[in-house]
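Asks: here is the input, now give the coordinates:
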Amino acid sequence: MSLWVLRGLRDGVVTTGWPSRPDGYADCWRGPATVRGSSADPVLAALCPTGAISVTGAAVRVDQGRCILCGRCVARRPDVFAWSQGATGPGAAALAREALVVPELPETGAAIAQARARLAERTAALRRSVHVRHVDAGSDGSEEWEIQALLGPVYDVHRLGIFFTASPRHADVLLVTGAGARGMAGPLRATYDAMPDPRVVIACGTDAISGGLLAGSAATTGGVAATVPVDVLVAGSPPSPFGILNALLIAVGKLAGGGKGKR
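Replies: Prediction:
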């Protein structure tokens, strides 16, 4: 106990002030690959092991919901690809699957606005304390490390009225990690069905969004949306604690607007 007291006196308050105040660490966090230039080179698509890159004419797009942050595209073609920056900006979480494709497709704007309105209507009652049930549906464990960090003194998710619960009957938010292992489809759906309305589902990480490297495997469903309806998607392999926290706040309406596509 004395050691913790001395450490507290030495270090002072280490808890981030975000979202009330900006945090430089959140702003410099490296996110999924993005597009910085155009090219008609069809070989570009072969750079990505998960098929996140598409080339149509000279237009290059990256599906950040498939990006596993391996860096092959950025390393080999820095004239076309770059890392996105910032864990909590408008592009950190998405309310529609197509919104994770960059550059953004022109028709996604209306879909995002509709999804945002529907989510806001459903979660109008979730403004105070919110309880989260986490389910691992075939994760490699990397997302769990970042989720665990939310409970430490630096992020201290409890200060924002967000608490983790072991019972789905007490949960408002279902936070799902993993590629959607078929063996977890039943338990995941049972957890969702046991939650009271309104309930919100967050697909946490590239694996949960698209299946990642296991997207074509017979052992997975290629993401968790095949089992439960997903409301918010946060890309990254893994996403940062700030990114997960950002998605949680968007999901329960504690960040005005919210979701990728907000400008």
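
Asks: CA atoms for contacts and neighbours, from now on please.
Replies: OK.

Asks: is Gly65 in contact with Ser237, as I believe?
Replies: No: in this structure Gly65 lies outside contact range of Ser237 using CA atoms under 8 Å: 9.6 Å.

Asks: what's the overlap in contacts for these two?
Replies: Shared contacts of Gly65 and Ser237, defined by CA atoms under 8 Å, 6 or more residues apart in numbering, comprise Gly205, Thr206.

Asks: between the two, which one's more packed in?
Replies: Taking other CA atoms under 10 Å, Gly65 and Ser237 do not tie; Gly65 has more neighbours (29 against 23).

Asks: who's in contact with the residue nearest the centre of the chain?
Replies: Geometric centre of the chain, nearest residue: Val234, 1.5 Å, by CA atoms, centre = their mean. Residues counted as contacts of Val234 (CA under 8 Å, 6+ apart) are Ala92, Ala93, Ala94, Ile202, Ala203, Cys204, Gly205, Thr206, Ile209, Gly243, Ile244, Ala247.

Asks: if we go to 6 Å?
Replies: Ala93, Cys204, Gly205 (CA atoms under 6 Å, 6 or more residues apart in numbering).

Asks: look up how far Ala203 lies from the first one.
Replies: So the one you mean is Ala93. Using CA to CA, to the nearest Å, one gets 10 Å for the distance from Ala93 to Ala203.

Asks: what do the two both touch?
Replies: What both Ala93 and Ala203 touch, as defined by CA under 6 Å, 6+ apart, is the set Leu233.

Asks: of the contacts of Val234, which belong to strands?
Replies: Cys204 (DSSP state E).

Asks: make JSON lines from the contacts of Val234 and add distance to Arg77, neighbour count and pLDDT to it.
Replies: Output for the contacts of Val234, formatted as JSON lines (distance: CA to CA, whole Å; neighbours: other CA atoms under 10 Å; pLDDT from 0 to 100):
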{"residue": "Ala93", "distance to Arg77": "26", "neighbour count": "31", "pLDDT": "87"}
{"residue": "Cys204", "distance to Arg77": "28", "neighbour count": "32", "pLDDT": "97"}
{"residue": "Gly205", "distance to Arg77": "25", "neighbour count": "32", "pLDDT": "96"}
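
Asks: nearest to His158 among the contacts of Val234?
Replies: Cys204 (19.1 Å; CA to CA).

Asks: so the closest one is in contact with Gly180, correct?
Replies: No: at 11.4 Å, Cys204 does not count as touching Gly180 under the criterion of CA atoms under 6 Å.

Asks: what does stretch 52-72 rub up against?
Replies: 32, 38-40, 45, 100-103, 206, 209-210, 212, 235, 237.

Asks: report the buried members of those.
Replies: For those, a neighbour count by 16 or more other CA atoms under 10 Å gives the buried set as Pro32, Ala45, Leu100, Val101, Val102, Thr206, Ile209, Ser210, Gly212, Ala235, Ser237.

Asks: got the contact list for the second one?
Replies: Just to be clear, that refers to Ala45. Shown in contact with Ala45 (CA under 6 Å, 6+ apart): Ile53, Ser54.

Asks: where in the chain is pLDDT low?
Replies: 1-11, 88-91, 106-112, 116, 119, 121-123, 125-127, 254-263 (pLDDT under 70).
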